[in-house]
Structures are given as structure tokens and as C-alpha cells.
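Visitor: sequence unavailable; structure follows:
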């Protein structure tokens with residue numbers, strides 16, 4: 001915490017004490033994965049998403065042990081709060097496939113039209129049955145969901161969210177343990193996510209947000225930032241990004257170099273000392289390198305004198 005504070009103390013967010021440091025440390029610890037060979041993988045950019053919500057107080061900023069995204073359920077009668085949900089993630093549309101090029105259908109009788117509609121309904125029923133057989137509580141897809149599919153899923157007491165971003169879907173997969181499926185025919189019990197503790201919809205301001213949190217050992221997270229204005233939030237986001245990169249660097253390579261020109265001064269001193277033991281031809285090169293390194297602490301000292 002002290003190292004992170006030292007790195008961001010001069011920034012805008014320093015007036016809120018340890019808040020930004022604690023958020024950065026918690027978020028990086030959640031995202032950190034230790035590989036079997038002992039290496040650490042910390043992908044902050046993809047798996048630690050910052051959600052900026054205007055309004056509210058800065059003390060309301062938090063790191064969720066799960067994810068949140070700006071979406072609502074597709075049907076008002078679907079469940080909005082589910083404990084220990086079983087989650088299915090899809091990368092395919094739950095709607096009848098339209099013709100890719102211009103398609104002409106000639107209908108001569110009323111019965112033919114009914115037959116067409118029946119075909120569409122049967123296809124949607126088959127797709128929904130593939131989903132229902134794995135008994136999920138929540139279905140999240142990156143594509144659209146037709147009214148027919150909503151009807152069949154609602155009858156099976158399954159909540160549904162559509163048109164989720166690919167990046168959000170990847171983070172949901174990390175926290176729930178689900179596997180993203182490209183075709184409903186391929187769905188199996190093993191692809192269903194069981195690690196989420198709670199799914200619920202929350203209204204903040206005029207918008208609805210879906211929360212999947214209270215997860216068991218999450219490896220992705222959402223960082224919720226609250227603030228008075230967009231400018232304040234943008235500045236805090238930049239400071240938080242710097243702080244998370246500092247924590248990531250400490251995890252990846254836990255070695256520290258003293259600042260303020262101390263390292264350069266020590267190197268310069270060693271070079272000048274060693275020059276006395278060298279051949280006169282190269283001794284001057286040692287001294288010149290030492291004198292060059294002294295420029296950095298000297299410049300920092302002059303800068304401090306003018307502050």
C-alpha cells in the first residue's frame with residue numbers, strides 16, 4: 001500500500017487517502033492468476049473493467065467480487081434477483097435465421113403462411129429446448145433474442161440478457177466458470193457456470209445494471225467509480241490505472257530501485273572508485289561515465305531548490 005501511495009501521492013486522487021491504493025490492490029489481486037510453473041498472469045486491461053457512474057459520493061467506489069454491465073433482462077416478468085444462479089453463455093442468436101441475400105417466398109394459400117410461421121416456431125422451440133435441458137437460471141447471449149425465444153424461456157423460469165459485449169462475456173465466463181457456447185446443440189452440463197453467488201438487476205440513475213457478484217474465487221472484476229462529474233471520474237480512472245500498473249509491476253517483479261537519483265549517485269561513486277584501479281588509458285572513460293550519471297541527481301536537486 002505504501003509503495004502504491006508513493007507512486008500516486010502527487011496526483012488528484014491523493015486527497016482521498018488510501019482509497020485508490022486499496023481499490024487498485026484488491027482489483028489486481030483478484031485478476032492475478034498463478035500458472036502451474038509459478039509464473040503470474042495479470043491481465044488488468046481485459047479482466048479489470050472500470051465502470052464510471054456519475055452521481056453519488058466517492059466513498060461509494062468499490063471493487064466487486066464479480067462483474068457488472070449496463071444491461072437489463074429482456075422481459076419484465078423474468079426473475080431479477082437469483083441466488084446461486086446457473087449461468088449459460090452463448091455466442092449465437094436466439095432468433096430465426098433470416099436469408100442472407102434477397103429471399104423471395106411465394107404464398108398462394110393462407111395455410112402456406114401458417115406453415116411458414118409454424119416452421120419458425122418449431123425451430124425456436126428446438127433451440128430453447130437445447131438450453132432448457134441443462135436447467136440454467138440465466139442465459140446471456142452476445143446476439144439477439146426473439147419474442148418467441150423469450151416466451152419459451154419465460155415458461156421455463158429462465159432469465160435472459162441479450163446483446164452483451166464480447167469483452168463482458170469473457171469476464172462473465174471467468175467469474176462464473178461457464179464456457180461460451182457457439183451453438184445451442186453443443187450445450188452440455190459441463191459448460192454451465194456454477195460459481196456466481198448472486199445475480200441481480202439494480203437501477204442507478206436512469207439506467208439498469210446487471211450484477212453477477214458474490215462469486216467463489218473470481219478471476220475478473222468490475223471497479224465501480226462514483227463521482228460528482230464526468231471530469232472527476234475520468235481523472236480518478238487515470239489515477240487508478242497508474243496505481244494498478246504499479247501493483248502489477250510489484251507482483252511480476254518484486255524488486256525496488258530507490259528514487260530521487262540515489263541509484264545513479266551510487267553507480268557514479270562506484271565508477272569513480274574503480275577508475276583508480278584501472279589502466280590509465282580507460283580510467284578517464286570510467287570517470288567520464290561517473291560524472292555523466294551525476295547529472296541526474298544534480299538536476300533533481302536544482303529542481304527541488306526552485307520548488
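Guide: Yep, it's here. As the structure is a prediction and not an experimental result, all values here were calculated from the model.

Visitor: list the contacts for the closest residue to residue 57 other than its chain neighbours?
Guide: Leaving aside its sequence neighbours, residue 57 sits nearest to residue 226 (C-beta to C-beta, 6 or more residues apart in numbering; 6.2 Å). Quick note: C-beta positions are derived from backbone N, CA and C, even for glycine. Applying C-beta atoms under 8 Å, 6 or more residues apart in numbering, we find residue 226 in contact with 53, 55-58, 60-61, 233.

Visitor: what's near enough to touch residue 27?
Guide: The contact partners of residue 27, taken as C-beta under 8 Å, 6+ apart, are 44, 48, 63, 221, 223, 244.

Visitor: could those residues go into JSON lines alongside secondary structure, neighbour count and distance to residue 87?
Guide: JSON lines is the format used below for the contacts of residue 27 (DSSP: H, G, I helix; E, B strand; the rest coil; neighbours: other C-beta atoms under 10 Å; distance: C-beta to C-beta, whole Å):
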{"residue": "44", "secondary structure": "helix", "neighbour count": "18", "distance to residue 87": "24"}
{"residue": "48", "secondary structure": "strand", "neighbour count": "25", "distance to residue 87": "20"}
{"residue": "63", "secondary structure": "strand", "neighbour count": "19", "distance to residue 87": "21"}
{"residue": "221", "secondary structure": "strand", "neighbour count": "27", "distance to residue 87": "17"}
{"residue": "223", "secondary structure": "strand", "neighbour count": "22", "distance to residue 87": "21"}
{"residue": "244", "secondary structure": "helix", "neighbour count": "24", "distance to residue 87": "27"}
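
Visitor: output the residues you listed as CSV; include the columns pLDDT and distance to residue 165.
Guide: Below are those laid out as CSV (pLDDT from 0 to 100; distance: C-beta to C-beta, whole Å):
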residue, pLDDT, distance to residue 165
44, 87, 18
48, 89, 15
63, 89, 20
221, 91, 16
223, 91, 17
244, 87, 21
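
Visitor: pick out the most distant pair among those residues.
Guide: Distance extremes for these: the farthest pair is 44 and 63 at 12.2 Å, using C-beta to C-beta.

Visitor: next, the buried residues of stretch 67-81.
Guide: The neighbour-count check on stretch 67-81 (16 or more other C-beta atoms under 10 Å) flags 67-69, 71-74, 78-79 as buried.

Visitor: got a list of contacts for it?
Guide: With contact meaning C-beta under 8 Å, 6+ apart, stretch 67-81 is reached by 49, 51, 137, 145, 150, 153-154, 157-165, 168, 171-172, 175, 198-201, 207-213, 220-222, 224.
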